[in-house]
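**Student:** sequence first, then the predicted structure:
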Amino acid sequence: MAAITANAVEKFSEADLAGLREELLRAHLDSWQVGDVISSYLATRGYGVSSHEARTMVSRIERTGYSLKSMQEELEKLALVM
């Protein structure tokens with residue numbers, strides 16, 4: 001059973017990610033605020049999340065222009081299943 005959990009990957013739908021991306025680009029937020037939005041996004045979907053880690057990952061997704069692939073990868077790393 002542990003092997004299944006260790007290999008489990010959280011996936012976020014492309015539509016959800018696209019909506020989040022549009023919200024972030026439209027809002028013209030600073031990195032701190034983007035981290036808060038990402039924390040809220042994950043929390044409302046039932047994931048635990050470190051606000052500090054969310055703010056840290058923002059710079060990585062900003063460098064890619066908020067590409068959906070980058071957002072998916074970073075959110076998978078950040079989301080803590082509750």
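**Tutor:** Sure thing, it's come through.
**Student:** and Leu20, what element?
**Tutor:** For Leu20, the element it lies in under DSSP states H and E is helix 14-27.
**Student:** how about the strands in the protein?
**Tutor:** Counting by DSSP state E, the chain has strands at residues 47-48, 80-81.
**Student:** and Tyr66, how many neighbours?
**Tutor:** Around Tyr66 there are 17 other residues, counting by other CB atoms under 10 Å. C-beta: built from backbone N, CA, C; applies to glycine.
**Student:** Leu29 and Tyr66, how far apart?
**Tutor:** For Leu29, the distance to Tyr66 equals 11 Å [CB to CB, to the nearest Å].
**Student:** also Asp30?
**Tutor:** When distance is defined by CB to CB, Asp30 is 14 Å away from Tyr66.
**Student:** mean pLDDT per helix and strand in the chain: which one sits at the bottom?
**Tutor:** The weakest-scoring helix or strand in the chain, judged by mean pLDDT, DSSP states H and E, is helix 2-7 (a mean of 38).
**Student:** show me where pLDDT drops low in this protein?
**Tutor:** 1-10, 81-82 (pLDDT under 70).
**Student:** how about a cut-off of 50?
**Tutor:** Applying pLDDT under 50 to the chain flags the ranges 1-7.
**Student:** on that earlier part again, may I see the buried residues of the helix holding Leu20?
**Tutor:** The neighbour-count check on helix 14-27 (16 or more other CB atoms under 10 Å) flags 17, 20-21, 24 as buried.
**Student:** how about stretch 23-41?
**Tutor:** The neighbour-count check on stretch 23-41 (16+ other CB under 10 Å) flags 24, 34-35, 37-39, 41 as buried.
**Student:** which one of those is nearest Arg55?
**Tutor:** Looking at the buried residues of stretch 23-41 and their distance to Arg55, the nearest is Gly35, at 3.2 Å (CB to CB).
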